[in-house]
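**Student:** Below are the sequence and a predicted model for it; my questions follow.
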Amino acid sequence: MRSGASDVSDQVPDQVLDEFRQGSVAAFETLFRQHQRAVYGWILRIVRDPEAAEDLTVETFWRIDRARARFQPWRGFEPWARRIATHAALDWLRTRRPASEQTALTVEDLPAAATADPVVSAEIRQKTAQAFGRLPPRLRIAAILAVVEEQPHKTVAEALGISVPAVKLRVFRALRLLRKDLEQQGITP
Amino acid sequence: MNAHDEDRIKKLLQQALPRVAEDAQPARDLWPAVLRRMDSRTAPLPWFDWALLAGLVAFAAFFPASIPVFLYYL
């Protein structure tokens, strides 16, 4: 679901989308096969836990099936799926304790694309990750998508169902709270 | 927090939380799990769920003052 990629739903015939709306399981499976990887990747970026991301992908497609009557084909399947996935992930984050151990665990297991800068010590990275895990979920989700995953603000706004200025505000508040938390631990970013 | 501080904290955050790889994909086929989940929604509600609901409604009817407490804990 990288913003630069073309919308996969462009490759799905309109007939499949219509059949999906009418309740065809075969059409739903076609859509699932085309989008499961993108949905999984999007959720993984938010929850950073591969096992939870799999469960939430299942939950997302279940919600998609339940909401199929409200699907508007002209708005595209992928943005709609991304929005449902984001809300499923947000629900999951809200049920999690803001404990430090969850971030430490998942960072190790994540299929990461970036490498660590040796200038920043492992301890500081861990404390930053833990402090980030203590932020309110709605701020965390905006910051992780916009800052860590470098998704365009417009994509994040659509996924969260808010405006672009609201995304920027959430990111700013998340960074400010993170800085305050780190300063209380004696870390000056 | 000025723009310079914001950039520094952004970089620190990017160091602490690595980006997820582009080619991340589930370790297993999730379609069977989706089908099971879809089937489960049609399962009837267990009798004890109905009993619990009836009990709650009865309790709220006899003790209306408890309703705000229930709502608070929802």
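**Tutor:** It's in. Residues are numbered from 1 along each chain as shown, chains lettered A, B, ... in the order given.

**Student:** alpha carbons only for contacts and neighbour counts from here, please
**Tutor:** OK.

**Student:** Contacts for the stretch of helix or strand A:Leu169 belongs to next, please.
**Tutor:** Element membership of A:Leu169 [criterion: DSSP states H and E] is helix A:164-184. Residues outside helix A:164-184 that contact it (C-alpha atoms under 8 Å, 6 or more residues apart in numbering or on different chains): A:127-128, A:131-132, A:135, A:138-140, A:142-143, A:146-147, A:153-154, A:156-157, A:188-189, B:1, B:6, B:9-10.

**Student:** Give me the buried subset of those.
**Tutor:** A:127-128, A:131-132, A:135, A:138-140, A:142-143, A:146-147, A:153-154, A:156-157, A:189, B:6, B:9-10 (16 or more other C-alpha atoms under 10 Å in any protein chain shown).

**Student:** So which of those belong to helices?
**Tutor:** A:127-128, A:131-132, A:138-140, A:142-143, A:153-154, A:156-157, B:6, B:9-10 (DSSP state H).

**Student:** Now flag whichever of the residues you listed is closest to A:Thr30.
**Tutor:** Checking these against A:Thr30 with C-alpha to C-alpha, the nearest one is A:Val156 at 25.9 Å.

**Student:** Give me the distance between that closest one and B:Met38.
**Tutor:** According to C-alpha to C-alpha, to the nearest Å, A:Val156 and B:Met38 sit 28 Å apart.

**Student:** and if you look at A:Arg96?
**Tutor:** The gap separating A:Arg96 from B:Met38 is 25 Å, by C-alpha to C-alpha.

**Student:** and if you look at B:Arg28?
**Tutor:** The spacing between B:Arg28 and B:Met38, counted by C-alpha to C-alpha, is 18 Å.

**Student:** Tell me which of these two has more neighbours.
**Tutor:** In this view B:Arg28 and B:Met38 are compared by other C-alpha atoms under 10 Å in any protein chain shown, and B:Met38 has more residues nearby, 18 against 9.

**Student:** quick one, what contacts that one?
**Tutor:** Residues in contact with B:Met38, defined by C-alpha under 8 Å, 6+ apart, are A:Trp62, A:Asp65.

**Student:** What of A:Ala26?
**Tutor:** A:Phe20.

**Student:** Now whatever helix or strand it lives in: buried residues?
**Tutor:** In the assignment (DSSP H and E), A:Ala26 maps to helix A:25-47. Neighbour counts over helix A:25-47 (16+ other C-alpha under 10 Å) mark A:27-29, A:31-32, A:34-47 as buried.

**Student:** likewise stretch B:10-28?
**Tutor:** B:10, B:12-21, B:24-26.

**Student:** Which two among the ones in helices among the buried ones among the contacts of helix A:164-184 are spaced furthest apart?
**Tutor:** A:Lys127 and A:Lys154 (29.9 Å).

**Student:** Going along the chain, name the helices of chain B.
**Tutor:** Going by DSSP H, chain B shows helices at B:3-16, B:31-40, B:47-62, B:67-73.

**Student:** Give me whichever of those helices is most buried.
**Tutor:** helix B:3-16 (a mean of 18; mean count of other C-alpha atoms under 10 Å in any protein chain shown).

**Student:** Now do it: which elements does it pack against?
**Tutor:** helix A:122-133, helix A:164-184 (3 or more C-alpha pairs under 8 Å, 6 or more residues apart in numbering or on different chains; DSSP states H and E).

**Student:** in chain A, which residue is closest to the centre?
**Tutor:** A:Ile46 (3.5 Å; C-alpha atoms, centre = their mean).

**Student:** Check the gap between the residue lying closest to that one once chain neighbours are set aside and chain B for me.
**Tutor:** The shortest distance from A:Ile46 to any non-neighbouring residue, by C-alpha to C-alpha, 6 or more residues apart in numbering or on different chains, is to A:Ile141 (6.2 Å). Plainly put, A:Ile141 is 13 Å away from chain B if you go by C-alpha to the nearest C-alpha, to the nearest Å.

**Student:** can I assume A:Ile141 is in contact with A:Leu44?
**Tutor:** No. Between A:Ile141 and A:Leu44 there is no contact under C-alpha atoms under 8 Å: 11.5 Å.
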